[in-house]
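**Student:** Fold the following, please.
(one chain, ligands or ions: 1)
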Amino acid sequence: MWNIFKKEKILITDEYSIDINNIPSHIGIIMDGNGRWAKERNLPRALGHKAGVETIRNIVKECNKIGVKYLTLYAFSTENWKRPADEVNSLMKLLVEYLKVEFKELNANDVVINSIGDLSKLPLLCQKELNSAYEQTKKNKGLVLTLALNYGGRDELIRAFKKIHTDIDNGKINIVDINENMVSKYLYTAGMPDPEIIIRPSGEQRLSNFMLWQGAYSEFWYSNINWPDFKIKHLHMAIYDYQKRDRRFGGIK
Ligand code: FPP
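**Tutor:** Numbers count the residues shown, from 1 in each chain. Model (predicted):
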């Protein structure tokens, strides 16, 4: 069983600490920089992704430990199919391997293994492993780990618009009842809070089609570290920075 954090504050360095009572409930991460990490080491890109999985292991564990309720990892976008077939295949293999190897420990630590995106386009084996992992962990009470796979924010919105249209046609809902809450319920993330913070390593400063609706008021945290080099201390730094932000949601203080 992983050690559950019990102290009131986590000390990061001598200079600052993060407040355990103000941990974001939902963290989204755009895992970026695997390819560059591999290139810097003259390694094939697939090994960059493999190293990225090691970071996933550590960050999932830490999020569960410090009380993050939802962690959403952008693992494969609707645009990533443009990559060479070899790379796509190695990513799908890593996904299956991750689920097989990590399942026992994640389940023992009360993690829900969830996924968002159009899974129907993924290889059947991936769909099978994802469904089975979810079915066996859906009643767990710890961190909800959501893997965004064949996920795109625009695709998610189009899917929601179509479903809303169908439900209006069927008389299930009325057009005057459409509001922000209702739209949220038609997204893959229905029932989850919006991410308070979105983290993107590797130096890029864009959303890349990640959580377009849900990220309307998310705080962004960028860094030059490539995902395989992203350590627990960087997660702590991101949370520390988040805790200093003045979140006004369009209002004034
Ligand atoms: C972006 O880096 C990363 C991805 C597109 C894939 C992320 C996937 C993993 C970390 C592993 C597989 C997932 C699971 C859930 C086990 P990039 O390739 O775009 O890096 P670059 O911009 O440096 O080329």
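**Student:** residue contacts, whatever residue of the chain ends up closest to the ligand?
**Tutor:** Distances between the chain and the ligand by CB to the nearest ligand atom are smallest at residue 35, namely 2.3 Å. To be clear about C-beta, it is placed using only N, CA and C from the backbone, and glycine gets the same treatment. By CB atoms under 8 Å, 6 or more residues apart in numbering, residue 35 lies in contact with 45, 48.
**Student:** tell me which element it is part of?
**Tutor:** According to DSSP states H and E, residue 35 maps onto helix 34-40.
**Student:** Can you point out the buried residues in the next helix or strand after that helix?
**Tutor:** Going down the chain from helix 34-40, the next helix or strand is helix 45-66, by DSSP H and E. Using 16 or more other CB atoms under 10 Å as the test for burial, helix 45-66 gives 45-46, 48-53, 55-56, 59-66.
**Student:** And the helices in the stretch 1-150 of the chain?
**Tutor:** All helices of the stretch 1-150 of the chain, identified by DSSP state H, counting those that start in this stretch, fall at 34-40, 45-66, 85-108, 124-137.
**Student:** With mean pLDDT and distance to residue 176 added, can I get those helices in TSV?
**Tutor:** What follows is these, written out as TSV (pLDDT from 0 to 100; distance: least, CB to CB, whole Å):
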stretch	mean pLDDT	distance to residue 176
helix 34-40	98	47
helix 45-66	97	40
helix 85-108	98	42
helix 124-137	98	35
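**Student:** which one of those lies closest to residue 193?
**Tutor:** helix 45-66 (14.4 Å; CB to CB).
**Student:** List the contacts of the residue in the chain sticking out farthest from the centre.
**Tutor:** Computed with CA atoms, centre = their mean, the maximum C-alpha offset from the centroid of the chain is found at residue 171, amounting to 34.3 Å. The contact partners of residue 171, by CB under 8 Å, 6+ apart, come to none.
**Student:** got it, and residue 119?
**Tutor:** 126, 127, 130, 149, 150.
**Student:** again, 10 Å this time
**Tutor:** Applying CB atoms under 10 Å, 6 or more residues apart in numbering, we find residue 119 in contact with 126, 127, 130, 131, 147, 149, 150, 151, 188.
**Student:** Let me see the confidence value for it.
**Tutor:** pLDDT for residue 119: 98.
**Student:** That one and residue 156: what is the separation?
**Tutor:** Residue 119 is 13 Å from residue 156, where distance means CB to CB, to the nearest Å.
**Student:** Now the common contact residues for those two.
**Tutor:** With CB under 10 Å, 6+ apart, residue 119 and residue 156 have common neighbours residue 188.
**Student:** Could you list the contact residues of the stretch 51-200 of the chain toward the ligand?
**Tutor:** 52, 53, 56, 75, 80, 91, 94, 95, 98, 147 (CB under 6 Å from any ligand atom).
**Student:** pretty sure the first one contacts residue 74?
**Tutor:** No - between residue 52 and residue 74 there is no contact, the gap being 11.5 Å when judged by CB atoms under 10 Å.
**Student:** got any residues that touch both of the two?
**Tutor:** With CB under 10 Å, 6+ apart as the test, residue 52 and residue 74 both reach 31, 32.
**Student:** Please name the nearest non-neighbouring residue to residue 226.
**Tutor:** residue 33 (3.0 Å; CB to CB, 6 or more residues apart in numbering).
**Student:** contacting residues around that neighbour?
**Tutor:** Residue 33 neighbours (CB under 10 Å, 6+ apart): 40, 48, 52, 200-204, 223-230.
**Student:** what's the nearest residue to residue 205 if we skip its chain neighbours?
**Tutor:** residue 222 (5.3 Å).
**Student:** quick one: the one you found and residue 199 touch, right?
**Tutor:** Yes - between residue 222 and residue 199 there is a contact under CB under 10 Å: 7.9 Å.
**Student:** So between these two, which is more surrounded?
**Tutor:** Set residue 222 next to residue 199 and count neighbours by other CB atoms under 10 Å: residue 199 wins out with 27 against 17.
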